[in-house]
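Undergrad: Sequence and predicted model, in that order:
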Amino acid sequence: MRIISNRRLREYWESRGADSRIAERDLSAWRKLTENADWTNFGALRQTFQSADLVGNCVVFDVGNNRYRLIGRVNYARGIVYVLKVMDHAEYDKGRWIDDCGCHEPPPKRQKGK
């Protein structure tokens, strides 16, 4: 799978202060597993990440033994995971990410020529 965008992962772990090394380790492990995956559907994804959940059109990944949540959209046909948001468990519990990420909106239309 191709990840868009690794920059969001890096920006998140760099923002963590004292926890940045832990966040980098955990998110890098998620990235490595995801990049080496070949998911054709949510069932295949769940074989890699058993705790992943669907929320609307988004997939919620538990990362780092439940320390972090990563919200993404997966385009199985194109082999792409779009990283929408990374947060700690406390921010996830507030539930604002659902609207921020547009999880209950249809996936964006593909632009012509791309």
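TA: Yes, it's here. Since we're looking at a predicted model, the values are computed, not measured.
Undergrad: Could I get the buried residue list for the host helix or strand of residue 34?
TA: Assessed by DSSP states H and E, residue 34 sits inside helix 20-35. By neighbour count on 16 or more other Cβ atoms under 10 Å, the buried set for helix 20-35 is 23-24, 26-27, 30-31, 34. C-beta coordinates here come from the backbone N, C-alpha and C atoms, glycine included.
Undergrad: Pass me the low-pLDDT residue ranges in the protein, would you?
TA: For the chain, applying pLDDT under 70 flags the ranges 107-114.
Undergrad: can you pull out the helices in it?
TA: Under the criterion DSSP state H, the chain contains helices at 6-14, 20-35, 42-48, 89-94, 97-101.
Undergrad: closest one to residue 79 among the ones you listed?
TA: Nearest to residue 79, of all the helices of the chain, is helix 20-35, at 10.3 Å by Cβ to Cβ.
Undergrad: export that closest one as PDB, just CAs?
TA: Presented in PDB, the C-alpha positions along helix 20-35 are these (Å, rounded to 0.1, in the frame of the first residue of the first chain):
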ATOM      1  CA  SER A  20       8.200  12.100  20.300                       C
ATOM      2  CA  ARG A  21      10.500   9.000  20.200                       C
ATOM      3  CA  ILE A  22       7.700   6.700  21.300                       C
ATOM      4  CA  ALA A  23       5.300   8.200  18.800                       C
ATOM      5  CA  GLU A  24       7.900   7.900  16.000                       C
ATOM      6  CA  ARG A  25       8.600   4.300  16.900                       C
ATOM      7  CA  ASP A  26       4.900   3.400  17.000                       C
ATOM      8  CA  LEU A  27       3.900   5.300  13.800                       C
ATOM      9  CA  SER A  28       6.900   4.000  11.900                       C
ATOM     10  CA  ALA A  29       5.900   0.400  12.800                       C
ATOM     11  CA  TRP A  30       2.400   1.100  11.500                       C
ATOM     12  CA  ARG A  31       3.800   2.600   8.400                       C
ATOM     13  CA  LYS A  32       6.100  -0.400   7.700                       C
ATOM     14  CA  LEU A  33       3.200  -2.900   8.100                       C
ATOM     15  CA  THR A  34       0.900  -0.800   5.900                       C
ATOM     16  CA  GLU A  35       3.500  -0.200   3.200                       C
END
